[in-house]
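K.L.:
Structure, please.
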Amino acid sequence: YQYPFQNPDVQTEQRIDNLLSLMTRDEKLTALGTNPSVPRLGVKASGQVEGLHGLAQGGPGRWGRPRIIPTTTFPQAIGMGETWDPELIRKAAAEEGYEARYIFQSPKYHQGGLVIRAPNADLGRDPRWGRTEECFGEDPYFNGTLALAVVKGLQGDDPKYWQAAALLKHFLANSNEDNRSRSTSNFDQRLLREYYSVPFERGIVDGGARAFMASYNAHNGIPMTVNPILRDIAINEWGQNGIICTDAGGLRFLVSEHYHFDTLDQAAAAAIKAGINQFLDRYRPPVEEALKKGLISEADIDQALRGSYRVMIHLGLLDPPAQVPYTKIGQDPSEP
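P.N.:
Below you'll find the model as predicted:
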């Protein structure tokens, strides 16, 4: 191996140490987006794709550009939930994960990604929500059981590698569309522990998921993009040491909607320190300004990036393809 980070026999954290030591500051800033690839070092990582009820590689939303690729479409989650059948839902998710691998790796396509924004682990507590069709229902145990089935299906059965990575959304208490970029969901510790967080905990603790998206809303007045719950509960209690990303525009909403910070550089620094390590936003200028002002250090960036590369190692993207069972998917020229 040219570098230690390419050697699967080296311990994961040491591999990441080596990779970070070789990256330039500009490469590190680029990796804070949704695709932590490092072309100069031969690191082809994965970005994110939509997949709430099948892999989205086309359609009106133009997901998966540039090419529209037909994929299996399953019923929306609220319909899948009516089956009350975790094994069936696991099989559907496994098919989605397979198709994601196929499109990502096939010489015919080479697009998409392996970090799939699914399942929606939110609770359908009010039919006026507007996104009820994306969730499985209103009961935390039920939703958690089916979210867990999706996680297991996407990730696959291999003891070491994942077929795809499940990115749960939207953490936490995302229960309204109107004013979602500035609203606050207020409730006590019992509702936090016994209701809103349960499906996420099941997916992370029981399913081993290592990716989720922070919601737009605040919890008890503190926006979820910078809420201490990210670190205190998800990271320190549940062991979520992978990807925690913002929702699209979540960074700027900290200033323009929540009025939680005066400037974007303050918001970016707080988000990174809270546990955010991928931004679905125009984040580069604020992060660069935060570095310039000393609000964060390059060591803070390094610490944030570790989570993204742990997920890429789980996906086998830093390992020799011959050692990763899922790399054979899409490689048969006789397949369509």
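
K.L.:
Next SSE downstream of the longest helix along the chain?
P.N.:
Taking DSSP state H as the criterion, the chain has its longest helix at helix 86-105. As assigned by DSSP states H and E, the chain's next helix or strand after helix 86-105 is strand 115-117.

K.L.:
neighbouring strands for that following strand, and are they parallel or not?
P.N.:
Strand 115-117 has the following strand partners under DSSP bridges: strand 48-50 (parallel), strand 165-166 (parallel).

K.L.:
quick one: it to chain centroid distance?
P.N.:
6 Å (C-alpha atoms, centre = their mean, to the nearest Å).

K.L.:
what does that strand rub up against?
P.N.:
Applying C-beta atoms under 8 Å, 6 or more residues apart in numbering, the contact partners of strand 115-117 are 34, 46-52, 55, 96-97, 100, 154, 164-167, 169, 211, 213, 243, 311. Yep, even glycine has a C-beta here, placed from its N, CA and C like the rest.

K.L.:
now do stretch 132-151
P.N.:
52, 76-81, 86-87, 89-90, 93, 118-125, 166, 168, 194-196, 198-203, 206-209.

K.L.:
Now, of these, which are buried?
P.N.:
Buried by 16 or more other C-beta atoms under 10 Å: 52, 76-78, 80-81, 86, 89-90, 93, 118-125, 166, 168, 195-196, 198-203, 207-209, out of those.

K.L.:
Looking at the residues you listed, which are in helices?
P.N.:
77-78, 80-81, 86, 89-90, 93, 198-201.

K.L.:
At which residues are the strands of the stretch 101-250 of the chain located?
P.N.:
115-117, 165-166, 168-171, 184-185, 211-214, 218-219, 222-223, 243-245 (DSSP state E, counting those that start in this stretch).

K.L.:
Can you check which of those gets nearest to residue 320?
P.N.:
strand 165-166 (19.6 Å; C-beta to C-beta).

K.L.:
closest one to residue 224 among the strands paired with strand 115-117?
P.N.:
Here strand 48-50 is closest among those (C-beta to C-beta), at 18.0 Å.

K.L.:
average pLDDT across that closest one?
P.N.:
Mean per-residue pLDDT for strand 48-50: 96.

K.L.:
Begin at 10, not 1, for the rest of this chat.
P.N.:
With the count now opening at 10, the last piece we talked about shows up as strand 57-59.

K.L.:
From the rest of the structure, what touches that strand?
P.N.:
43-44, 64-66, 70, 72-73, 109, 121-127, 176, 254.

K.L.:
One more pass at 6 Å, please.
P.N.:
43, 65, 72, 121-122, 124-126 (C-beta atoms under 6 Å, 6 or more residues apart in numbering).

K.L.:
Could you pick out the buried ones from those residues?
P.N.:
43, 65, 72, 121-122, 124-126.

K.L.:
Tell me the one of these nearest residue 185?
P.N.:
residue 126 (19.6 Å).

K.L.:
which residues touch residue 130?
P.N.:
Residue 130 sits in contact with 156, 177, 208-209, 212, where contact means C-beta under 6 Å, 6+ apart.

K.L.:
got those as a markdown table, with pLDDT and distance to residue 17 columns?
P.N.:
Shown next, in a markdown table, are the contacts of residue 130 (pLDDT from 0 to 100; distance: C-beta to C-beta, whole Å):
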| residue | pLDDT | distance to residue 17 |
| --- | --- | --- |
| 156 | 98 | 30 |
| 177 | 98 | 27 |
| 208 | 98 | 33 |
| 209 | 98 | 30 |
| 212 | 98 | 26 |
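
K.L.:
Of the residues you listed, just say which sits nearest to residue 39.
P.N.:
residue 177 (24.9 Å).

K.L.:
show me what contacts the closest one?
P.N.:
130, 209, 212, 218, 221.

K.L.:
Of the residues you listed, just say which sits nearest to residue 34.
P.N.:
Nearest to residue 34 among the contacts of residue 177, with distances taken as C-beta to C-beta, is residue 221, at 27.3 Å.
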